[in-house]
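>>> Show me the folded form of this:
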Amino acid sequence: MRDGLSQEPSIEPQIELTRENLIREQDGDSKSIIVETNNSKTTKNSNLHNVIIHPRLKPAPFKIRDAYPTDLPKPTEICTVNDLKFYQNEELPVNRRGFKYKLCKPNPIFTSNYYSTTDIEPYEVSLSWFDRSTGSYLSQDCKALTSNQGWRSVRSNVGIREGIYYFEFKILKSDDYSHVRIGLGRREASIEAPVGFDGYGYGIRDVGGELVFISRRKNVLIEEGFKTGDVIGFEVHLPSLSQQKKEIEEFVNLKKSEIPDHHTTKKRKTNTKNKKFNNIEDNEKFNEFNNILRDQIPTKSKGVLYYDQFEYTKTKMMDHLLNPITVFGEKAIIEMDDKTKNIPIISNSKIVLYKNGVKQNETIENLYSFLPTNLEEIEEINLEPNLKQQSNPNYKNNDDNTLGYYPMLSTFQNGAVSLNAGPEFEYPPENTQIKPLSDRYNEHVIEEWYWDIIDEVEAQYLDSFD
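The predicted structure follows:
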């Protein structure tokens, strides 16, 4: 490796770190490295070119020392389960309260955004140090999970948006006192509860092998359940994104036709100082070309650079699906209406299950859609958008490229389970056309790299009006 080049397998292009292509070092060390730009000259130039310029949070130039690899906080060994050591890393932030995190680093060829996405070891599909509940412990290779308290969950670092993928869960410890649940979960699925707790995930119990959805036990998916040593294979089928978006468009048009004639559109007021409004017409224009919008702000904590992003949060309708009760003063009324009719599904989606290589008879079909719907909230017919970012007052029903279904693992009282994304499986699928989930990592790296470049090009264009 040449001097001055990072040895880290990075998402952004590697370039030589010389003083000529670095920004001059500044004094001080701010935690939030952003500055807001908006002046009369920008407004005048944008009007001249018929371009709408919104004030943006512009990152401050990085420091020379930020351009060199920084040691991440080291995990601490906590416990051992069946001869496998598990670790905790309390220095890394975890996704919660409407925000999520990922690593970033300076990119000297970016003259407007200054930073681009990178990743944490082991640079493959694994369990995420960021996307887990507190009190959960991971193995050194980030493939296995355990906890010594109540239910704790973790998602993988890469999700599935389309295509057919296969992966395995190996049960490392499950008995009368220690339990495991496995399944798929969306971004909104709670990691402070087992998978299947809400409508954002589909979980399978070790005891009985039943499907758990919105905290209700459903039909048996794995005959006689599973225990220590068993291997459960997941074959996930999702149609192409173009087909999913076509179905979402049809769903939105259908729901708009059901809106009562006497209903008037309500504009949602944001918390910005300008008192601007978000409405359906604005969102339709904004998402006309299937925009991917990543509101990510570089921040520094304990010497490590992160992107701080808005996370998707649960909607009122999905919350009522879990708890169908309305409280009026001291009275609680059970809601009897069918809320599932206003939740879009992914047609022809399914999860085929295997136990120790044996295909199971039951499947999970017609998963709930993870894509946004450009709808307004209408309480009288229990209608609202499919997605929400509670911490983002300017959310426009857009996709940030993290939407999808993620392998999700949950453990209880020293239960332990591992994820095998391939390409080597204990019980490989017979159909060789099915991709191992491990293939998604390189695709994910390319996607992040691609959108980093798109964001930089857009930022350079907007900055040209300054």
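
>>> For the stretch 1-150 of the chain, which segments are assigned as strands?
Assigned by DSSP state E, counting those that start in this stretch, the strands in the stretch 1-150 of the chain fall at 34-37, 56-59, 76-81, 84-88, 99-106, 115-117, 127-132, 137-139, 144-146.

>>> helices or strands up against the top helix by length along the chain?
Longest among the helix segments of the chain by residue count, using DSSP state H, is helix 439-463. Applying 3 or more CB pairs under 8 Å, 6 or more residues apart in numbering; DSSP states H and E, one finds that helix 439-463 makes contact with strand 56-59, strand 115-117. Yep, even glycine has a C-beta here, placed from its N, CA and C like the rest.

>>> now with 6 Å?
On a contact count with 3 or more CB pairs under 6 Å, 6 or more residues apart in numbering; DSSP states H and E, helix 439-463 meets strand 115-117.

>>> starting at the chain centroid, how far to the strand it packs on?
On the basis of CA atoms, centre = their mean, to the nearest Å, strand 115-117 sits 18 Å off its chain's mean C-alpha point.

>>> Need phi/psi at Ile297.
Here the main-chain torsion angles of Ile297 (degrees, to the nearest 10) amount to phi -120, psi 120.

>>> go on, Thr373?
phi -120, psi 130.

>>> repeat for Glu281
According to degrees, to the nearest 10, Glu281 has phi -60, psi -40.

>>> what about whichever strand or helix holds Arg155, average pLDDT?
Element membership for Arg155, per DSSP states H and E: strand 152-156. Across strand 152-156, the average pLDDT comes to 97.

>>> Next: stretch 67-74.
Across stretch 67-74, the average pLDDT comes to 80.

>>> which SS class is Pro423?
coil (DSSP: H, G, I helix; E, B strand; the rest coil).

>>> and the nearest residue to it once chain neighbours are set aside, what does it touch?
Nearest non-adjacent residue to Pro423, counting by CB to CB, 6 or more residues apart in numbering: Pro436, 4.4 Å away. With contact set as CB atoms under 6 Å, 6 or more residues apart in numbering, Pro436 has these partners: 166, 422-423.

>>> separation between Pro436 and Cys142?
17 Å (CB to CB, to the nearest Å).

>>> returning to what we had before: the longest helix of the chain versus strand 99-106: what angle between them?
Relative orientation of helix 439-463 versus strand 99-106 (axes from the mean of the first three to the mean of the last three CA atoms, to 10 degrees): 70 degrees.

>>> So which bits of helix 439-463 are buried?
439-441, 444-445, 447-449, 451-453, 455-456, 459, 462-463 (16 or more other CB atoms under 10 Å).

>>> Need the residues that contact it.
Applying CB under 6 Å, 6+ apart, the contact partners of helix 439-463 are 11, 110, 112-113, 116-117, 124-125, 158, 292.

>>> One more: stretch 309-329?
95, 98-100, 187-188, 198-199, 214, 295-296, 332-335, 339, 384, 387-392.

>>> Next up, phi/psi of Gly185, please.
According to degrees, to the nearest 10, Gly185 has phi -140, psi 150.

>>> For it, which non-adjacent residue is closest in space?
Leaving aside its chain neighbours, Gly185 sits nearest to Gly201 (3.3 Å; criterion: CB to CB, 6+ apart).

>>> these two touch, right, the one you found and Val195?
Yes - the pair Gly201 / Val195 is scored as a contact, 4.5 Å apart, by CB atoms under 6 Å.

>>> list the residues that contact both of the two?
183, 185, 408.

>>> Tell me the bridge partners for the second one.
The one in question is Gly185. Beta bridges link Gly185 to Gly201, Tyr406 when assigned by DSSP bridges.

>>> Measure how buried it is and give me the count.
29 (other CB atoms under 10 Å).

>>> what about His248, which helix or strand?
If you look again at residue 248, you'll see it is Ile, not His. helix 241-257.

>>> Buried residues, that helix. List them.
Residues 241, 244, 247-248, 251-252, 255 are the ones in helix 241-257 that count as buried (16+ other CB under 10 Å).

>>> Same check on stretch 205-220?
Applying 16+ other CB under 10 Å to stretch 205-220 flags 205-206, 209-214, 220 as buried.

>>> quick one: the helices in the stretch 251-400 of the chain?
In the stretch 251-400 of the chain, the helices defined using DSSP state H, counting those that start in this stretch lie at 280-286, 316-322.

>>> looking at those helices, which one has the lowest mean pLDDT?
Across the helices of the stretch 251-400 of the chain, helix 280-286 gives the lowest mean pLDDT, at a mean of 78.

>>> I would like the residues contacting it, please.
Counting by CB under 6 Å, 6+ apart, 374, 376, 396-397 sit against helix 280-286.

>>> Turn the strands of the stretch 1-150 of the chain into JSON lines, columns for distance to His237 and mean neighbour count.
Formatted as JSON lines, the strands of the stretch 1-150 of the chain follow (distance: least, CB to CB, whole Å; neighbours: other CB atoms under 10 Å):
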{"stretch": "strand 34-37", "distance to His237": "41", "mean neighbour count": "12"}
{"stretch": "strand 56-59", "distance to His237": "39", "mean neighbour count": "18"}
{"stretch": "strand 76-81", "distance to His237": "33", "mean neighbour count": "14"}
{"stretch": "strand 84-88", "distance to His237": "32", "mean neighbour count": "17"}
{"stretch": "strand 99-106", "distance to His237": "27", "mean neighbour count": "22"}
{"stretch": "strand 115-117", "distance to His237": "29", "mean neighbour count": "23"}
{"stretch": "strand 127-132", "distance to His237": "23", "mean neighbour count": "23"}
{"stretch": "strand 137-139", "distance to His237": "29", "mean neighbour count": "23"}
{"stretch": "strand 144-146", "distance to His237": "25", "mean neighbour count": "28"}
